[in-house]
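K.L.:
my questions concern the predicted model and sequence given below.
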Amino acid sequence: MADNTDGGTRPVVSRRREVSHTSARSLLMTVLGEYVLPQDHPVWTWVLVDTLAGFGVEEKSARQALARAAAEGWLASERVGRRARWGLTPPGRRLLTEGAQRIYQFGRGERPWDGRWLVLLVSVLPANWRGSQAAGLFHRRHNQWRPAAERHWAEMSARHG
């Protein structure tokens, strides 16, 4: 239980269950993509932790997000005395570069549709796809989502053989 501003207590809800919550990891990736990627210089831990604190992320959560991003291969730490600074790995740089291109190129210069459709029959709903989740049938115009579908398929194949 946590203290409420009116003097009462309120239940503490796990952040994992909050639908409207922005995770420390997603905020970290946004900060990395907006500020670290363009500069191409390692950033001190305290700078990232303080920046995330400005968005309401607790220090422990910020450090955990850094550790998880490093464990996933997106970041690498460099020790300088007792302090550490973080830089993007080549896969991390590629991930954020591709993400920035998708975000900032959205709606610009779309290629004309060639009339073909990409149809997938799957048991897991990919994010941002239209279709019937119950039937596992999803569709997008062929030229829009083929690269994403191919990456998703490769990841699922690697995980599940």
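P.N.:
Structure received. Numbering: from 1, shown residues only.
K.L.:
show me what secondary structure element comes after the helix or strand bottoming out on mean pLDDT in the chain.
P.N.:
Lowest on mean pLDDT, DSSP states H and E among the helices and strands of the chain sits strand 9-10, with a mean of 42. Counting by DSSP states H and E, the next helix or strand C-terminal to strand 9-10 is helix 24-31.
K.L.:
which other helices and strands does that following helix contact?
P.N.:
helix 45-53, helix 59-71 (3 or more CB pairs under 8 Å, 6 or more residues apart in numbering; DSSP states H and E). Backbone N, C-alpha and C define where each C-beta goes, glycine included.
K.L.:
past it, which element shows up next along the chain?
P.N.:
helix 37-39.
K.L.:
which residues touch that following helix?
P.N.:
With contact meaning CB atoms under 8 Å, 6 or more residues apart in numbering, helix 37-39 is reached by 88, 93, 96-97, 100.
K.L.:
same question for stretch 44-58.
P.N.:
Under CB under 8 Å, 6+ apart, the answer for stretch 44-58 is 22, 24, 27-28, 31, 35, 59, 61-63, 65-66, 77, 83-86.
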